[in-house]
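Peer 1: Sequence plus predicted model, see below.
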Amino acid sequence: MSGTTLAEQLAAIPADWADVERRSQRLRKQHLRRRGVLVVGVVLAAASAAILAATPAWALVRDVLPFWNQPSAPQSVKVEFSSLNFGAPPRMSPQAVSGETREVQVATLGGHPHTLWVSPAKDGGFCLLWRGGPGGCTPRDLLVSWSGIGLPLQWFGADVIASADSSVVIRFSDGSSVQPPITWISSPIDAGFFAYDVPSDKQSSADHVSEIDAYDANGNLVKRVSIPATP
């Protein structure tokens, strides 16, 4: 075959051109599928990056209830929040947006159900009211606030600012402690709320709730609030 050209040698090789075409089509389809998977992956990665960029870091590691999706307060509760604005001097008014008050939590405290209502404030912060219990307004720069029934405390509710706090520990005068679950609420509140029903054996001057400690995501203490045993 030394006298034949390369083209002649190739032409002499028997070939199934229909099989060659089938293989070629399969390769083209596989290539298109890979490109489609790559494009979808890029789109999903870009969407995930956009979501991460638009979401506060604290909201990515906890369940957060959207404030505007919570049940609206009945008119009687909205009137109570509105009265907060009129009961304070003009420069000290919390400016509670009473018409936007929402139900945030229901807890059994002292053997009875208590509803927590929360309203945003025009100048930042929020106002809250426990049905059948205490209430008040919290400025945005106050990391932890609490209100409760009795001293020593029989039960109490507290709130923590979401951007600074990650967890809370309730400490007792005997050295024991508990970590309550927190209900986190989205903007415009951006805070967490919890309630605690103090056991009857920890409602005395000798053994009682002594402080609330708030910690950031790294376990660093960011706020310590001391609770008195007597008025």
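Peer 2: Happy to help now that I have it. Numbering: from 1, shown residues only.
Peer 1: excluding its backbone neighbours, what's nearest Gly150?
Peer 2: Gln203 (7.2 Å; C-beta to C-beta, 6 or more residues apart in numbering). For every residue, glycine as well, the C-beta is placed using N, CA and C.
Peer 1: which residues of this structure fall in helices?
Peer 2: 6-11, 17-54, 75-86 (DSSP state H).
Peer 1: Strands along this protein, start to end?
Peer 2: 64-65, 102-109, 112-120, 126-130, 135-138, 144-149, 155-161, 167-172, 177-178, 183-185, 191-197, 209-215, 221-226 (DSSP state E).
Peer 1: Can you pull out the residues in contact with the longest one?
Peer 2: For strand 112-120, contacts defined as C-beta atoms under 8 Å, 6 or more residues apart in numbering pick out 67, 73, 77, 81, 96-98, 100-108, 126-133, 157, 185, 188-189, 193, 195.
Peer 1: next one: the second one
Peer 2: Contacts with strand 102-109, where a contact means C-beta under 8 Å, 6+ apart, come from 65, 67-68, 70-73, 113-119, 128, 130, 133, 149, 155, 157, 183, 185, 193, 195, 197.
Peer 1: Restricting to C-alpha, output that strand in PDB.
Peer 2: This file holds the C-alpha atoms of strand 102-109, laid out as PDB (Å, rounded to 0.1, in the frame of the first residue of the first chain):
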ATOM      1  CA  ARG A 102     -49.600  43.400  65.400                       C
ATOM      2  CA  GLU A 103     -50.000  40.200  67.500                       C
ATOM      3  CA  VAL A 104     -46.500  38.800  68.000                       C
ATOM      4  CA  GLN A 105     -46.700  36.100  70.600                       C
ATOM      5  CA  VAL A 106     -49.100  34.200  73.000                       C
ATOM      6  CA  ALA A 107     -47.700  32.700  76.200                       C
ATOM      7  CA  THR A 108     -49.200  31.000  79.200                       C
ATOM      8  CA  LEU A 109     -48.000  33.100  82.200                       C
END
